[in-house]
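Student: Give me a 3D structure for the following:
(one chain, ligands or ions: 1)
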Amino acid sequence: MSVQVGVIMGSKSDWDTMKLACDVLDELQIPYEKKVVSAHRTPDLMFQYAETAAERGLKVIIAGAGGAAHLPGMVAAKTILPVIGVPVKSSNLNGLDSLLSIVQMPGGIPVATVAIGNAGGTNAGLLAGQIIGAFDPAVQSRVQARRDRIQQEVLESSETL
Ligand SMILES: Nc1c(C(=O)O)ncn1[C@@H]1O[C@H](COP(=O)(O)O)[C@@H](O)[C@H]1O
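Tutor: Model (predicted):
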């Protein structure tokens, strides 16, 4: 099957968080690509990536960045695809800068923003899976199976208190 999700990040230093999104996509058997793309450091690549994403067959873009995290919003401005923004935890401001940079988009150009850091990475993968699963029953059933497993783990955790 062709690549469905583009996972991009402002720097290789974001990988620990963005890998968690990729892990979920692997688990859900959704084909994806991963790439470092920066609005600040590689602006021409960022424009090209966003402009060609839909015609290349991608369905969702997951974009992670830290600090002055302009990547998700700028990519969202240049593509019609849904963009999920991951605020990577920054060393100076603990990711609050990343969160506010990503979440406060002006009306008209949305970025679906997840939590700061690793939970956000995982949830970005899941949210992409749920979007694709709305049109793909096999993916949706894998998302459901994952939820069922988590529910079972939580129910059983009481027994070891
Ligand atoms: N926020 C952005 C963008 C962007 O938004 O385009 N490009 C890189 N960065 C961020 O800079 C941080 C530090 O990067 P380095 O570790 O490479 O110095 C990373 O979290 C990256 O996402």
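
Student: all helices of the chain, in order?
Tutor: Under the criterion DSSP state H, helices of the chain are mapped to 15-27, 43-53, 71-78, 96-103, 118-133, 137-157.

Student: Could you point out which of those helices sits nearest the ligand?
Tutor: When the helices of the chain are compared by CB to the nearest ligand atom, helix 71-78 sits nearest the ligand, at 3.6 Å. To be clear about C-beta, it is placed using only N, CA and C from the backbone, and glycine gets the same treatment.

Student: Pull the residues that contact the closest one.
Tutor: Where contact means CB atoms under 8 Å, 6 or more residues apart in numbering, the residues beyond helix 71-78 that reach it are 8-10, 37-39, 46-47, 49-51, 61, 63-65, 83-86, 101-102, 105, 109-111, 113.

Student: Emit the ChimeraX select command for whichever of the residues you listed are buried.
Tutor: Written as a ChimeraX command, the selection of buried residues from those, which uses 16 or more other CB atoms under 10 Å, is:
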select :8,9,10,37,38,39,46,47,49,50,61,63,64,65,83,84,85,86,101,102,105,111,113
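
Student: In strands only, show me the contacts of helix 71-78.
Tutor: Cross-referencing those against strands under DSSP state E gives 8, 9, 61, 63, 64, 65, 83, 84, 85, 86, 113.

Student: Go back to the residues you listed and keep what's next to the ligand.
Tutor: Counting by CB under 6 Å from any ligand atom, 9, 65 from these sit close to the ligand.

Student: Number of residues surrounding residue 31?
Tutor: Neighbourhood size, residue 31 [other CB atoms under 10 Å]: 12.

Student: Am I right that it is in contact with residue 6?
Tutor: No - counting by CB atoms under 8 Å, residue 6 is not a contact partner of residue 31; they are 10.7 Å apart.

Student: for the ligand, what are the nearby residues on this structure?
Tutor: Counting by CB under 6 Å from any ligand atom, the residues of the chain that sit close to the ligand are 9-11, 13-14, 38-41, 65-71, 88.

Student: Which members of these are classed as buried?
Tutor: 9-11, 14, 38-39, 65-67, 69-71, 88.

Student: and the gap between the residue nearest to the spatial centre of the chain and residue 21?
Tutor: The C-alpha lying nearest the average C-alpha coordinate of the chain belongs to residue 62 (CA atoms, centre = their mean; 3.1 Å). Noted for residue 62: a distance of 5 Å to residue 21, by CB to CB, to the nearest Å.
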